[in-house]
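Chemist: only geometry, no sequence info:
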């Protein structure tokens, strides 16, 4: 970290003293370089997907200190996602998934005790997730009408609650019991996001329902910016 560059406004002529205090003549802020450097390291570990407990050990910091920064970043990500949201358009894949710990019993839509997530993926674009109460027709159509442009092309499986999508645009469905793709009719892109998200959720060994939405939005954001410099993005977001 360069002491001459202000961590707040990026002005390159910040001034330091022998006690490690930095003053920026542009934004008039004063801060401790040591604390700023420590914060930068925590943000870097967050960007690299290193869990808070492991990061705290490597950085020799209190776990609660690291966890607070991680959670604050997740809150900022959720706010940024909401602020920048625009409706999906074009060709859109729609599917649902269930998240939760390992347990015996039914899986998929027959599962109970897991968290339901409805996902929409704009081909060659962004993914968006939401947490409906259930997969009844009204809940599904409401979520789609609020987050997707009318007149789009929708790809789904043949679940009953998707059958009325024709009122919003062209609807093409696929019977997953027979095949997973028929030309452009598939939801493989969204299946890829589910794998991406579930693989990362396993690192946390269980997430409370209270914080699940924050973790989900973090993964949505990471997926949508996966080809960019996340360390830089999260530092600027902070």
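Modeler: Okay, I see it. Not measured: the values here are computed from a predicted model.

Chemist: Now residue 161: closest residue in space that isn't a chain neighbour?
Modeler: residue 140 (4.4 Å; CB to CB, 6 or more residues apart in numbering). C-beta: built from backbone N, CA, C; applies to glycine.

Chemist: ok, that neighbour - how many residues close by?
Modeler: Per other CB atoms under 10 Å, the neighbour tally for residue 140 reads 22.

Chemist: could you point out which element follows the host helix or strand of it?
Modeler: Using DSSP states H and E, residue 140 sits within helix 137-147. Per DSSP H and E, the first helix or strand lying C-terminal to helix 137-147 is strand 153-157.

Chemist: Just the angle for that following strand relative to helix 137-147, thanks.
Modeler: 140 degrees (axes from the mean of the first three to the mean of the last three CA atoms, to 10 degrees).

Chemist: give me phi/psi at residue 120?
Modeler: phi -140, psi 130 (degrees, to the nearest 10).

Chemist: and the residue nearest to residue 161, how far is that from residue 80?
Modeler: According to CB to CB, to the nearest Å, residue 140 stands 26 Å off from residue 80.

Chemist: before we move on, what about residue 116?
Modeler: 24 Å.

Chemist: For the helix ranked longest in the chain, which helices and strands make contact with it?
Modeler: In the chain, with assignment by DSSP state H, the single longest helix is helix 63-84. Secondary structure elements in contact with helix 63-84, counted by 3 or more CB pairs under 8 Å, 6 or more residues apart in numbering; DSSP states H and E, are helix 33-47, helix 52-59, helix 209-224, helix 230-237.

Chemist: on that earlier part again, pick out whichever of residue 116 and residue 80 has more residues nearby.
Modeler: residue 116 (18 against 14).

Chemist: Quick check, pLDDT for the more buried one.
Modeler: We have a pLDDT of 92 for residue 116.

Chemist: Work out the sheet partners of the lowest-mean-pLDDT helix or strand in the chain and label each with its direction, please.
Modeler: Here the helix or strand of the chain ranked lowest by mean pLDDT, DSSP states H and E is strand 15-16, holding a mean of 70. With DSSP bridges as the test, strand 15-16 is paired with strand 21-23 (antiparallel).

Chemist: got the buried residues for the strand it pairs with?
Modeler: residue 22 (16 or more other CB atoms under 10 Å).

Chemist: Could you do stretch 203-220 as well?
Modeler: Buried, per 16+ other CB under 10 Å, within stretch 203-220: 207, 212, 213, 214, 215, 216, 217, 218, 219, 220.

Chemist: Torsion angles phi and psi at the first one?
Modeler: Read that as residue 207. Torsion angles, degrees, to the nearest 10, at residue 207: phi -120, psi 130.

Chemist: Could you check the pLDDT of it?
Modeler: 84.

Chemist: How about the fourth one?
Modeler: Predicted confidence (pLDDT) at residue 214: the value is 95.

Chemist: so it sits right up against residue 76, yeah?
Modeler: No - using CB atoms under 8 Å, residue 214 is not in contact with residue 76; the gap is 10.1 Å.
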